[in-house]
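Asks: Curious how this folds, go ahead:
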Amino acid sequence: MISAILAGVARHPRWVLGGAVALAGVLVGVHLLSAPDSDLRYAIPVLPPLLGLAALVLASVALTRRRPAAFTVDAGAGVFRTPPPANHVLQAAGSAFMATTMIMAAANSRTMQRDWPSPDPAVRFTDDVMVVLACLLVVLIVPQIAAVWRGIGVELGPDGLKDRSALGTLTVPWDALTTASLPPTTPSALSLRLTYARPDLVRAAGLPLTRRRISTDTVNALFLAHAVHYYLVHPQRRQGIGTSAGYAELMTALYGHRTDLSRS
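Replies: Alright, predicted model coming up:
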């Protein structure tokens, strides 16, 4: 059951994320439009934390699963991409529901304070803090959702590789690397530490966590290291990146034939 859910999230990441954000928005709208003294006003806030917790638990499970030793071919962009990350989609969905919970709690607190004003300054201060926290949470979550919508993960192109995260993008040209740039790793590693021959060529947009590590939480780290090493050793093959023929060639070079990847 869980495997089917995670597979569905990976196949339709935008549908899942868009549906979660839309549902969160609907719940907030119904909550704010309901009468202040209605049972609905205080019943709806129970749903978002439950949905958020479920999404975050599934995200944790997805992170522990064996990651695929494969790329997806994006012929339009001319790149190989790591498969859509179910864990990031579920994390963003869970965060959206948690932000909804905070917004509803702040709205309920404001309503109670308006209807039954408290003379205690501490109570009013607590209400103000809840509103500020709700706004801050929304500000932090919107970029995360936007990044997941655009796509998070590693992509290989004829000019180099990119690591897209929620905080920014790290671009590493092939000329910045050598065959000694990749240290030994394991399939379950969450990142690859790179040694740059030309660090001046590396570019960072936004605020990536580090310029020295490529995140591999969406792909088999050993497979990614082998693929990068292959193109460092065979620079003449880089023009095939982003094509079905180039992908078949890479799979043949690494594993003999493509079906071997299912056992990687």
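Asks: so what's the one residue sitting closest to the centre of the chain up against?
Replies: Geometric centre of the chain, nearest residue: residue 88, 3.1 Å, by C-alpha atoms, centre = their mean. Residues near residue 88 by C-beta atoms under 8 Å, 6 or more residues apart in numbering: 59, 148, 152, 166, 218. For glycine as for every other residue, the C-beta is placed from the backbone atoms N, C-alpha and C.
Asks: can you list these in a markdown table and add distance to residue 34?
Replies: Converted to a markdown table, the contacts of residue 88 look like this (distance: C-beta to C-beta, whole Å):
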| residue | distance to residue 34 |
| --- | --- |
| 59 | 30 |
| 148 | 30 |
| 152 | 36 |
| 166 | 33 |
| 218 | 40 |
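Asks: The residue nearest to the centre of the chain: what secondary structure?
Replies: With DSSP: H, G, I helix; E, B strand; the rest coil as the basis, the three-state label of residue 88 is helix.
Asks: now the one helix or strand residue 100 maps to: mean pLDDT?
Replies: Applying DSSP states H and E as the criterion places residue 100 in helix 86-115. Averaged over helix 86-115, pLDDT sits at 81.
Asks: how far out from the middle of the chain is that helix?
Replies: 20 Å (C-alpha atoms, centre = their mean, to the nearest Å).
Asks: quick one: which of the contacts of residue 88 is nearest residue 84?
Replies: Closest approach to residue 84 among those (C-beta to C-beta): residue 218, at 7.8 Å.
Asks: Give the burial count for that closest one, as a bare number.
Replies: By the criterion of other C-beta atoms under 10 Å, residue 218 has 23 neighbours.
Asks: Can you read off the backbone torsions of the closest residue to it other than its chain neighbours?
Replies: Counting by C-beta to C-beta, 6 or more residues apart in numbering, residue 85 is the residue found nearest to residue 218 once chain neighbours are left out, at 3.9 Å. Here the main-chain torsion angles of residue 85 (degrees, to the nearest 10) amount to phi -90, psi 110.
Asks: Give me the neighbour count for residue 85.
Replies: Residues near residue 85, counting by other C-beta under 10 Å: 24.
Asks: go on, residue 87?
Replies: Residue 87: 23 neighbours (other C-beta under 10 Å).
Asks: Just after the helix holding residue 100, pick out the following helix or strand.
Replies: helix 121-150.
Asks: what pLDDT, on average, does that next one get?
Replies: 77.
Asks: what comes up buried for that helix?
Replies: 127, 130, 131, 134, 137, 141, 144, 145, 147, 148 (16 or more other C-beta atoms under 10 Å).
Asks: Distance from the chain centre to it, please.
Replies: Counting by C-alpha atoms, centre = their mean, helix 121-150 is centred 20 Å from the centre of its parent chain.
Asks: ditto for stretch 148-160
Replies: For stretch 148-160, the distance to the chain centre is 12 Å (C-alpha atoms, centre = their mean).
Asks: What of stretch 79-86?
Replies: 11 Å.
Asks: and if you look at stretch 20-30?
Replies: The chain centroid and the centroid of stretch 20-30 are separated by 21 Å under C-alpha atoms, centre = their mean.
Asks: Tell me who's in contact with the spatially closest residue to residue 222 that is not a sequence neighbour.
Replies: Spatial nearest neighbour of residue 222, excluding adjacent residues (C-beta to C-beta, 6+ apart): residue 187 at 4.5 Å. For residue 187, the contact set (C-beta under 8 Å, 6+ apart) comprises 66, 67, 69, 220, 221, 222, 223, 264.
Asks: Need the buried ones from those residues selected in PyMOL.
Replies: Selection of buried members from the contacts of residue 187 for PyMOL, criterion 16+ other C-beta under 10 Å:
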select buried, resi 67+69+220+221+222+223+264
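Asks: Please name the nearest non-neighbouring residue to residue 154.
Replies: Using C-beta to C-beta, 6+ apart and skipping residues adjacent in sequence, the residue nearest residue 154 is residue 82, 4.8 Å away.
Asks: how about that neighbour, what does it touch?
Replies: 71, 72, 153, 154, 155, 218, 219, 224.
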